Structures are given as C-alpha cells and as structure tokens.
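Q: how would this look folded up:
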Amino acid sequence: FDDKFTKLSTMKRLQSLLFIFFLTPSFIWANVVEIAGYQFVAPDDWKQSEPTSPMRKAQFDLTSEDGKTAQLVFFYFGPSGGGGVRANIDRWMKQFKDMQDQDIKEEIVNEVKVTYARATGTFLSGSPFGPKTPKPGHSLLGSIVEGRQGSIFLKLVGHTKTVKAYDQSVIEMIKQTLGK
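A: As a prediction, this is how the structure comes out:
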C-alpha cells in the first residue's frame, strides 16, 4: 500500500508541476535585467548571453531577418560611476569614423532623464586601449538612463539594418521600465 501511495503521490506532483509549467504566463521566464532598482524586461525572442566582461551587467545578441547581428549591452557603475552623460556620448561617437549620421536627443520619462545617442558609419571595434577593427556599415543607439541610484548605460551596436530593426524596441523597453 505504501509503495502505491508513494507512486501515486509522486505522479500527482509531477502532473501539478507540468500543469503549472505549461499554463504559467511566459513573462515569468522573460528576459529580465535588474539594475539599480529597475527591471528591464526584454522581449522573449531576444537572446540573452553571458556578459563578456565584468563591466557588463547584461547583454543580448540580436539578429535581423537577413542574419546580420547587433549586440545590446547594459552597463552600471554604481551611484556616481561611469562618468557623465556628455563624456560617454563623446566616447561613443569617437568609436566611429566616416560618420554619415549622428543624433542626440534627451527626454524625460516619468521624471527620469534619458539621453539617446545615434551614430552610423564605420565602428571601431575593440577594447578602449587595444587595437581597433573597423566595421563599416554599423550603427549605434546609446541610451543613458539617469536613474535614482545612478546612470544605467545601454549600448546597442551592430550592422545598421539590425540596429534600426531593434532600436524602437529598446526605447520602448526603457519607457516601460520607467513606467510610461
């Protein structure tokens, strides 16, 4: 009798787990990035990957329909870290040569200042003090969220077509995070 009861009990638990797994909304397993008191929820189809450096808090590898790639990286350096908004934008812009397009825009989203910087041209890929690899036909959407616990930096860089395919989704994610 005890054997039958144990098997039945185990079977019921397994059925309950499967029921919960298949009927629980997908947002529970969504790509959530928690930084400085904010929860950024990326679309389910974005591929989150392991950060490639300790400076990165999270990163996503994004691919457009034609197979071209871009990467979205989240940086956070603490309440007073990371330098100012202008210094970061200047550094990001210096990562491009043969620039064909550049735009900087600020907005207030639910009382939080967000600065967006866009650039298109040849991206000079590489570590800050190392050799650079020129990558023509690349773009940037840099976003700086001046949050309550310090600035959060989001940097989307990759093939121009891919960056343009994802840039509005990144902006929408920021706005949803900030409650607008």
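Q: Quick check: bridge partners of Tyr38?
A: Ile35 (DSSP bridges).
Q: pretty sure it is touching Leu178, no?
A: Yes: contact criterion CB atoms under 8 Å: Tyr38 and Leu178 qualify, at 7.5 Å. (Glycine included, C-beta is placed from N, CA and C.)
Q: Overlap of the contact sets of those two?
A: Counting by CB atoms under 8 Å, 6 or more residues apart in numbering, the shared contacts of Tyr38 and Leu178 are Val145.
Q: For Val85, what are phi and psi?
A: Val85 adopts backbone torsions of phi -60, psi -50, taken as degrees, to the nearest 10.
Q: wouldn't Met99 be in contact with Ala119 here?
A: Yes: Met99 lies in contact with Ala119 (CB under 8 Å); the separation is 5.9 Å.
Q: if I pick the residue positioned nearest the centre of the chain, what's in contact with it?
A: Using CA atoms, centre = their mean, the residue of the chain that lies closest to the mean C-alpha position is Leu72, 4.5 Å off. Residues near Leu72 by CB under 8 Å, 6+ apart: Ala42, Trp46, Gln59, Phe60, Leu62, Leu154, Lys155, Leu156, Tyr166, Val170.
Q: Most neighbours among those, which one is it?
A: Neighbour count (other CB atoms under 10 Å) singles out Leu154 as the most crowded of those, with 26 neighbours.
Q: quick one: strands adjacent to the helix or strand in which it is found?
A: Assigned by DSSP states H and E, Leu154 belongs to strand 150-159. Partners of strand 150-159 in the sheet, by DSSP bridges, are strand 69-76 (antiparallel), strand 133-147 (antiparallel).
Q: export that strand as PDB, just CAs?
A: C-alpha atoms of strand 150-159 as PDB (Å, rounded to 0.1, in the frame of the first residue of the first chain):
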ATOM      1  CA  GLY A 150      23.000  56.300 -10.800                       C
ATOM      2  CA  SER A 151      23.100  56.200 -14.500                       C
ATOM      3  CA  ILE A 152      22.400  53.000 -16.500                       C
ATOM      4  CA  PHE A 153      24.000  52.800 -19.900                       C
ATOM      5  CA  LEU A 154      22.500  50.700 -22.700                       C
ATOM      6  CA  LYS A 155      24.600  50.400 -25.900                       C
ATOM      7  CA  LEU A 156      23.100  48.800 -29.000                       C
ATOM      8  CA  VAL A 157      25.800  48.400 -31.700                       C
ATOM      9  CA  GLY A 158      25.900  46.300 -34.900                       C
ATOM     10  CA  HIS A 159      25.000  46.200 -38.500                       C
END
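Q: any residues touching that strand, and which ones?
A: 35-36, 38, 62, 64, 68-82, 85, 88, 92, 123, 137-145, 163, 166-167, 170, 174.
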